[in-house]
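# with the input below, show me the fold.
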Amino acid sequence: MRKEALMRHSSKTPFRLAATGRLHAAAFVIAAGWQFAAFGQGFPAKPLRLVVATATSTPIDIVSRYVAAGMSRDLGQNIVVENRPGAGYVVAFGDVRKSPADGYTMAVFFLPVSVAPAIFTNYPIDLRKDFAPVAQTVWSYNVLVVHPSVPANSVKELVALAKSRPATLSFMTGGPGTPAHLAGELFKMETGIDTLHVPYVQFPQGIADLLGGRVQYGFIATPPMIPHIAAGKLRALAVTGPKRVPALKGVPTIAEAGFPRLEVRDWQGFMVKAGTPRDIVDRLNASVRKVLAEPATPAALDKFGADPAPGTPEDMGRLLASEIERWGKVARAANIRIQ
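Sure thing, here's the model as predicted:
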């Protein structure tokens with residue numbers, strides 16, 4: 001009897017051990033899942049950093065600080081904005097790339113960033129592999145202006161004038177790879193004109209030369225041009241965005257002027273280090289979108305010529321990929337290179 005009882009006991013023991021093991025494993029999975037969810041729900045538990053690859057007081061810096069201030073209110077944590085310009089954005093992006101992939105350090109991307117791999121020799125940053133998109137923040141647009149001495153009252157007339165005077169007209173920009181430069185080179189490529197690019201390290205000097213007629217035209221950010229246009233010191237031929245600017249209602253879009261392929265939209269957006277958990281990316285994205293949806297945001301951004309551009313991380317990723325492709329082609333065709 002004792003032997004039979006022992007055998008019955010032994011046959012049941014493995015089942016009980018296996019069942020207990022399964023229960024322990026299930027408990028572990030549940031606990032791990034709860035801890036992961038709690039980690040995302042508790043984010044952020046400390047201040048965040050937003051690294052801007054431009055100097056202070058630039059439109060990119062100002063808009064980024066506006067969005068960051070709104071996110072600070074929403075997240076309940078301060079966002080410290082750090083300006084780290086230089087070396088083709090490598091200083092700023094290298095900082096973010098070396099930071100933990102925990103969402104506490106973000107980088108600001110903008111249109112010129114997308115052309116950096118094409119114009120800088122041996123660019124050490126992989127914009128798509130090293131970073132994960134969070135959200136686009138804004139769109140902004142330039143306006144094509146000419147000095148009043150230029151006998152052109154439309155984009156088509158400017159093209160005709162440039163073709164009749166090859167290599168005599170010039171356009172000013174803030175330097176190689178800037179939105180003004182890319183728009184100017186795209187203009188040349190799409191219309192077949194031959195004009196001279198004049199880059200300025202000191203952008204105010206470039207504006208002064210444009211106002212003085214020493215350079216003839218430029219694709220310049222809209223807000224600072226409005227007073228000069230209103231005063232008759234410059235003539236606006238078209239805005240580069242898909243819609244007209246309220247302050248320049250009589251100025252057509254570049255598409256309305258007959259050149260839809262010349263539409264250029266500058267943009268900004270936030271990125272984090274690749275590998276950041278998706279729930280944290282989603283929390284940051286939701287915060288950006290909440291700020292952009294606030295009633296006061298459109299008017300605040302309009303002062304800087306920007307429009308809110310809420311979207312998903314995937315929207316931001318697609319935008320970056322398409323801009324890298326588009327402006328890379330322009331840079332290579334125009335032989336834009338920086339050593």
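
# now the strands: where do they sit in the stretch 151-300 of the chain?
170-173, 196-199, 217-221, 235-239, 266-273 (DSSP state E, counting those that start in this stretch).

# and the spatially closest residue to Gly70 that is not a sequence neighbour, how close does it get to Leu284?
For Gly70, ignoring the flanking residues on the chain, the nearest one in space by CB to CB, 6 or more residues apart in numbering is Val291 at 3.3 Å. Placement of C-beta: from N, CA and C, glycine included. Using CB to CB, to the nearest Å, Val291 is found at 11 Å from Leu284.

# equivalent analysis for Trp139, please.
20 Å.

# repeat that for Ala162.
Using CB to CB, we find Ala162 at a distance of 45 Å from Leu284.

# repeat that for Gly317.
According to CB to CB, Gly317 stands 14 Å off from Leu284.

# looking at those two, which is more packed in?
More crowded of Gly317 and Leu284, by other CB atoms under 10 Å: Leu284, with 22 against 19.

# retrieve the pLDDT associated with the closest residue to that one other than its chain neighbours.
In space, and not counting its chain neighbours, Leu284 is closest to Val134: 4.8 Å by CB to CB, 6+ apart. Looking at Val134, its pLDDT reads 98.

# surely Val134 forms part of a strand?
Yes: Val134 forms part of a strand when assessed by DSSP: H, G, I helix; E, B strand; the rest coil.

# my guess is it contacts Met106. True?
Yes: counting by CB atoms under 8 Å, Met106 is a contact partner of Val134 at 6.6 Å.

# intersection of neighbour lists for these two?
Taking CB atoms under 8 Å, 6 or more residues apart in numbering as the criterion, Val134 and Met106 both touch 270-272, 284.

# rounded mean pLDDT for stretch 119-131, please.
For stretch 119-131, the mean pLDDT works out to 95.

# name the residues that touch that stretch?
The set of residues external to stretch 119-131 that reach it, using CB under 8 Å, 6+ apart, is 88-90, 93-94, 96-97, 107, 109, 113-114, 116-117, 176-177, 271-274, 317, 320-321, 324, 331, 336-339.

# how about it: buried residues?
119-120, 125, 127, 130-131 (16 or more other CB atoms under 10 Å).

# just stretch 184-192 next, same as before
Residues of stretch 184-192 classed as buried by neighbour count (16+ other CB under 10 Å): 184-188, 191.

# out of the residues you listed, who's nearest Val264?
Of all those, Leu186 has the smallest distance to Val264: 6.8 Å, by CB to CB.

# next up, the contacts around that closest one.
Leu186 sits next to 261-262, 264, 330 when contact means CB under 8 Å, 6+ apart.

# which among the residues you listed end up buried?
Neighbour counting over these (16+ other CB under 10 Å) leaves 262, 264, 330 as the buried ones.

# which one of those is nearest to Gly76?
Nearest to Gly76 out of the buried ones among the contacts of Leu186 is Val264 (CB to CB; 37.8 Å).

# quick one, domains of the chain?
48-139+267-334, 142-262 (automatic domain parsing).

# any weak-confidence spans in this protein?
Residues of the chain meeting the criterion pLDDT under 70: 1-41.

# which stretches of the stretch 1-150 of the chain form helices?
Applying DSSP state H, counting those that start in this stretch to the stretch 1-150 of the chain gives helices spanning 2-41, 59-75, 90-98, 111-119.

# isn't Pro148 up against Ile229?
No: Pro148 is beyond contact range of Ile229, at 10.5 Å (criterion: CB under 8 Å).

# quick one: which of the two has more around it?
Higher neighbour count among Pro148 and Ile229: Ile229, with 17 against 12, using other CB under 10 Å.

# how about the nearest residue to that one, chain neighbours excluded?
Leaving out its chain neighbours, the residue that sits closest to Ile229 by CB to CB, 6+ apart is Ala236, at 4.9 Å.

# ok, that neighbour touching Lys249?
No: if you go by CB under 8 Å, Ala236 and Lys249 don't touch, sitting 10.9 Å apart.

# the more surrounded of these two?
Between Ala236 and Lys249, Ala236 has the larger neighbour count (other CB under 10 Å), namely 21 against 7.

# out of the contacts of Leu186, which sit inside helices?
Counting by DSSP state H, the contacts of Leu186 place Val330 in helices.

# Throw the contacts of Leu186 into JSON lines and include distance to Pro166, thanks.
Putting these into JSON lines (distance: CB to CB, whole Å) gives the following:
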{"residue": "Arg261", "distance to Pro166": "22"}
{"residue": "Leu262", "distance to Pro166": "20"}
{"residue": "Val264", "distance to Pro166": "24"}
{"residue": "Val330", "distance to Pro166": "21"}
